[in-house]
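In: Give me coordinates for this.
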Amino acid sequence: MNSKQSTVSSEVSLSGVGLHSGENVNLSIAPAAINHGIVFQRTDLDGQPLVPALVDFVVDTSRGTVLEKNGARVQTTEHLLSALGALQIDNVLVKLDGPEIPILDGSALPFVELIEKAGIEEQNALRNYFTITEAVQINNDDHSIELAALPLDDYRLTVMVDYQSKVISSQHAQLHNLADYKEYIAPCRTFVFVHELETLYKAGLIKGGDLSNAVVIAENIESDERMSQLAELLGKEKISIGETGIVNDEPLKFKNEPARHKLLDLIGDLVLVGRPLKGHILAARPGHAANVDLAKAIKKAIAASDKSAPTFDPNAEPVFDVNGIAKLLPHRYPFQLVDKVVSLDGTSVVGIKNITMNEPQFTGHFPDNPVMPGVLQVEAIAQTGGVLVLTSTGEPEAYWPYLVGIDKCRFFKNVLPGDTLVIKCTLLAPIRLGVAKMHGEAWVGDKMVCSVDMTARLVKK
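Out: Residues are numbered from 1 along each chain as shown. Sure, this is the predicted structure:
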């Protein structure tokens, strides 16, 4: 999995018809800055409003995943989001002049090929992964739906579907390596049962649907009159149902194409978490509603994690060791107060400070009762934040970092020799004109020992 954020190298475009709206839509995917995220823009509406690809803005999941913000709506987002998620694209602006992403051939492959045509550009910021550490589960007993995100230091998906159909048997699909997505998952098309078509049509949906963008499955032999009605719905002079049970005997890409398409949808819907994931996603009979519920549950787990002590793997190679930090920060003994940086992205950083009795401050603070001075705790937090601020410039060697403001500083517990400070700093707003506002916290175990809001300024050398 990629360690750095990425965007597309150039803007690329395509046109197509929306599955449900039937409207022709022009769509472009454009490069975006670090931490921009995936954002849709309705260029046909006044003010060209933006709709972030976040689960917070999901308004409908009945026949696709629909996003809306301030009246601007984007329908059928899942196939494009699946391609972006599988190719590990973090930051793009998706511009469209209509209400719905084009359905194209009903798969994600055209979007994968469009992104590859644009080129993928690595950016100078780490991906802000959320690693599943405790199981997150969604259950709907009425429909035998069960989804779970389980701990794993990788990203894997396993899907099982069972429609109790004589045409589509119980089947499963899995993806253990995102590099296999283009060949084995992306080509898999959306599908619909014949008995659903009339209901969807009467509901004002599938206006752009036809046999070129969906696999249509028939459970029963239909009368000639019924076949004529279906042909009219699908915009065809004549259709047939053969031995396969698929209208016009359309061959499947894979025997388990329906299960693979459900996995494709699941990847796209989970992009709406807003952060790349590390975990094993298991899904029995998933659909957009359940996928979105899982995304919301994961986002809730992220919010809970943000309020708890930062975690790190002591066996993992640090982002910066003590020598790497010394190349970034001007501090030296006895004032270099960060031993390693274990996490760094464009908005947050986690650093480690090991407290030892050999440090000079304990000679006088205090004899026979060594306590780390609060001012040094704040300094350690500020230095950790300095790594975040300096690396955001792309040329850290060109700047001096200065702490120019402290606010809302509180100390909650003594820090003693033998403790390990785990420090997290998060930007409160984008850095502007060299000024960075951050919130910093220091933890020992699961106890917060210090919190502070800080303002830092970068000055050109």
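In: Now do the strands in the stretch 1-150 of the chain.
Out: Under the criterion DSSP state E, counting those that start in this stretch, the stretch 1-150 of the chain contains strands at 4-8, 12-17, 24-31, 38-42, 50-52, 58-60, 66-69, 72-74, 92-96, 120-126, 130-131, 136-140, 145-150.
In: same thing with the stretch 151-300 of the chain?
Out: Using DSSP E, counting those that start in this stretch, strands in the stretch 151-300 of the chain cover 155-161, 171-175, 191-193, 215-217, 277-284.
In: Using JSON lines, lay out the ones you listed together with mean pLDDT, mean neighbour count and distance to residue 35.
Out: The way it works is simple: take the backbone N, C-alpha and C, and place the C-beta from them, glycine included. Listed next are those as JSON lines, based on pLDDT from 0 to 100; neighbours: other Cβ atoms under 10 Å; distance: least, Cβ to Cβ, whole Å:
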{"stretch": "strand 155-161", "mean pLDDT": "97", "mean neighbour count": "22", "distance to residue 35": "20"}
{"stretch": "strand 171-175", "mean pLDDT": "96", "mean neighbour count": "20", "distance to residue 35": "27"}
{"stretch": "strand 191-193", "mean pLDDT": "82", "mean neighbour count": "18", "distance to residue 35": "37"}
{"stretch": "strand 215-217", "mean pLDDT": "81", "mean neighbour count": "22", "distance to residue 35": "38"}
{"stretch": "strand 277-284", "mean pLDDT": "97", "mean neighbour count": "22", "distance to residue 35": "17"}
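In: Check the spacing between the residue nearest to the spatial centre of the chain and residue 301 real quick.
Out: When Cα atoms, centre = their mean is applied to the chain, the residue found nearest the centroid is residue 275 (3.3 Å). Separation of residue 275 from residue 301 (Cβ to Cβ, to the nearest Å): 11 Å.
In: Between the two, which contacts overlap?
Out: Listed contacts common to residue 275 and residue 301 are residue 130; contacts here mean Cβ atoms under 8 Å, 6 or more residues apart in numbering.
In: one step back: among the strands of the stretch 151-300 of the chain, which comes closest to residue 95?
Out: strand 277-284 (26.5 Å; Cβ to Cβ).
In: Parallel or antiparallel, which strands does the closest one pair with?
Out: According to DSSP bridges, strand 277-284 forms sheet pairs with strand 130-131 (parallel), strand 145-150 (antiparallel), strand 155-161 (parallel).
In: Can you give the distance of the last one from its chain's centre?
Out: Distance of strand 155-161 from the chain centroid (Cα atoms, centre = their mean, to the nearest Å) equals 17 Å.
In: now the angle from it to strand 171-175?
Out: 170 degrees (axes from the mean of the first three to the mean of the last three Cα atoms, to 10 degrees).
In: Report all helices and strands that the host helix or strand of residue 458 contacts.
Out: Assigned by DSSP states H and E, residue 458 falls within strand 447-460. Applying 3 or more Cβ pairs under 8 Å, 6 or more residues apart in numbering; DSSP states H and E, one finds that strand 447-460 contacts helix 374-391, strand 399-411, strand 435-444.
In: and residue 297, which of these is closest to it?
Out: Closest to residue 297 of the helices and strands packed on strand 447-460, according to Cβ to Cβ: strand 435-444, at 24.9 Å.
In: Buried residues, that closest one. List them.
Out: 436-444 (16 or more other Cβ atoms under 10 Å).
In: Just give the nearest non-adjacent residue to the residue nearest to the centre of the chain, would you?
Out: Once flanking residues are discounted, residue 275 sits nearest to residue 130: 4.7 Å by Cβ to Cβ, 6 or more residues apart in numbering.
In: show me what contacts the one you found?
Out: By Cβ under 8 Å, 6+ apart, residue 130 lies in contact with 273, 275-278, 298, 301-302, 305.
In: Can you tell me which of those comes closest to residue 106?
Out: For the contacts of residue 130, the residue nearest residue 106 by Cβ to Cβ is residue 273; the value is 24.6 Å.
In: Now for that closest one: which residues touch it?
Out: 55, 130, 295, 298-299, 302.
In: Now with 6 Å, please.
Out: By Cβ atoms under 6 Å, 6 or more residues apart in numbering, the residues touching residue 273 are 295, 298-299.
In: What separation do you get for residue 318 and residue 199?
Out: Between residue 318 and residue 199 the distance is 56 Å, computed by Cβ to Cβ.
In: Kindly apply the preceding question to residue 347 instead.
Out: Taking Cβ to Cβ, one finds residue 347 at 45 Å from residue 199.
In: Could you check which of those two has the larger neighbour count?
Out: residue 347 (19 against 10; other Cβ atoms under 10 Å).
In: ok, for that one, nearest residue in space, not its chain neighbours?
Out: Computed as Cβ to Cβ, 6+ apart, the closest residue to residue 347 that is not its neighbour in sequence is residue 427, at 4.8 Å.
In: give me the beta-bridge partners of that neighbour?
Out: Applying DSSP bridges, one finds that residue 427 bridges with residue 438.
In: can I assume it is in contact with residue 345?
Out: No. Counting by Cβ atoms under 6 Å, residue 427 does not reach residue 345; the two are 10.1 Å apart.
In: neighbour count winner among those two?
Out: Taking other Cβ under 10 Å, residue 427 and residue 345 do not tie; residue 345 has more neighbours (23 against 19).
In: was I right about that one contacting residue 126?
Out: Yes. If you go by Cβ under 6 Å, residue 345 and residue 126 touch, sitting 4.5 Å apart.
In: Which helix or strand in this protein has the lowest average pLDDT?
Out: Lowest on mean pLDDT, DSSP states H and E among the helices and strands of the chain sits helix 194-202, with a mean of 70.
In: Looking at the contacts of residue 273, which are in helices?
Out: Judged by DSSP state H, the contacts of residue 273 include 295, 298-299 as members of helices.
In: Turn those residues into TSV, including neighbour count and distance to residue 5.
Out: Listed next are the ones in helices among the contacts of residue 273 as TSV, based on neighbours: other Cβ atoms under 10 Å; distance: Cβ to Cβ, whole Å:
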residue	neighbour count	distance to residue 5
295	27	20
298	24	19
299	19	19
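In: Give the buried residues for stretch 140-150.
Out: For stretch 140-150, burial by neighbour count (16+ other Cβ under 10 Å) applies to 145-149.
In: want to throw those into TSV with distance to residue 93 and pLDDT?
Out: Listed next are the buried residues of stretch 140-150 as TSV, based on distance: Cβ to Cβ, whole Å; pLDDT from 0 to 100:
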residue	distance to residue 93	pLDDT
145	34	94
146	36	97
147	30	98
148	33	98
149	28	98
